[in-house]
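Enquirer: Return a 3D structure for these sequence lines:
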Amino acid sequence: MWENFKSTFYLNFIADDRWRYITDGFKTTLIITFFACLIGIALGFIVGMIRSTHDKTGKLTALNLLCKIYLTVIRGTPVLVQLLIIYFVVLGSARIDKVIVAILAFGINSGAYVAEIFRSGIMSIDPGQLEAGRSLGFNYFQTMRYIIMPQAFKVVLPTLCNEFISLLKETSVSGYIAIQDLTKGGDIIRSRTYSAFMPLLAVALVYLIIVMIFTKLIQILERRLRQNEQ
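Expert: Take a look at the predicted model:
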């Protein structure tokens with residue numbers, strides 16, 4: 001049994017340096033996740049601000065309508081379908097790196113969820129804080145910048161970290177546009193060795209380990225935030 005394990009391990013990871021499919025795929029997955037997360041936070045912040053401003057003041061009606069359409073479409077369709085549409089339809093005639101396409105697709109998708117995270121965080125702040133800012137002579141946007149947003153950011157930070165973890169796992173469908181991410185790397189090994197168990201188990205373990213690490217970091221962050229509040 002041990003000899004069989006060693007021979008299978010050698011075939012899947014050592015022979016022809018097949019372990020590189022895992023490591024290279026892992027780097028690609030992290031690159032897509034990191035930059036898509038940045039796009040998602042930037043886009044989500046803008047949409048969340050527009051939505052919360054409309055909810056609080058009734059202004060920005062047209063922009064709020066556009067944001068609602070964006071949220072409805074993105075949250076109501078699978079991320080894989082969005083990725084395929086952006087790659088084959090929107091950018092089908094453009095010569096652009098597939099990794100950039102994936103970053104844009106996952107960033108736009110993440111932005112819809114981050115927007116609601118920001119909006120709920122802003123709306124959770126006591127309305128009296130807004131009135132206090134006005135009484136100090138701040139206009140609406142100054143009040144949001146200096147009083148509301150610092151408090152809201154502390155509220156939503158753990159949820160944003162969880163969104164990063166979800167995004168990390170969602171990028172596993174990048175292989176549908178022939179990107180060699182972590183999942184695709186394991187699948188390439190499987191196609192070369194005709195052994196599915198070990199390469200796919202390795203991929204699952206890598207995802208599990210990275211998620212466990214980020215989950216632990218989130219728990220530490222939440223603990224520190226609670227201590228600061230006390």
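
Enquirer: who does the longest helix belonging to the chain touch, helix- and strand-wise?
Expert: Criterion DSSP state H: the longest helix present in the chain is helix 19-57. Packing partners of helix 19-57 (3 or more Cβ pairs under 8 Å, 6 or more residues apart in numbering; DSSP states H and E): helix 61-76, helix 98-123, helix 149-170, helix 182-193, helix 197-229. No exception for glycine: its C-beta is placed from N, CA and C like everyone else's.

Enquirer: In JSON lines: those, plus mean neighbour count, distance to Gly25 and mean pLDDT.
Expert: As requested, the helices and strands packed on helix 19-57 are arranged in JSON lines below (neighbours: other Cβ atoms under 10 Å; distance: least, Cβ to Cβ, whole Å; pLDDT from 0 to 100):
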{"stretch": "helix 61-76", "mean neighbour count": "13", "distance to Gly25": "26", "mean pLDDT": "94"}
{"stretch": "helix 98-123", "mean neighbour count": "22", "distance to Gly25": "12", "mean pLDDT": "92"}
{"stretch": "helix 149-170", "mean neighbour count": "17", "distance to Gly25": "13", "mean pLDDT": "86"}
{"stretch": "helix 182-193", "mean neighbour count": "21", "distance to Gly25": "3", "mean pLDDT": "91"}
{"stretch": "helix 197-229", "mean neighbour count": "13", "distance to Gly25": "8", "mean pLDDT": "86"}
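
Enquirer: Tell me which of the ones you listed sits nearest to Ile41.
Expert: Across those, Ile41 has its closest neighbour in helix 98-123 (5.7 Å, Cβ to Cβ).

Enquirer: quick check: angle from the closest one to helix 61-76?
Expert: 120 degrees (axes from the mean of the first three to the mean of the last three Cα atoms, to 10 degrees).

Enquirer: by contact count, what packs against the helix or strand just after helix 98-123?
Expert: Remark: after helix 98-123, the chain's next helix or strand is helix 127-135, criterion DSSP states H and E. With contacts taken as 3+ Cβ pairs under 8 Å, 6+ apart, helix 127-135 sits against helix 140-143.
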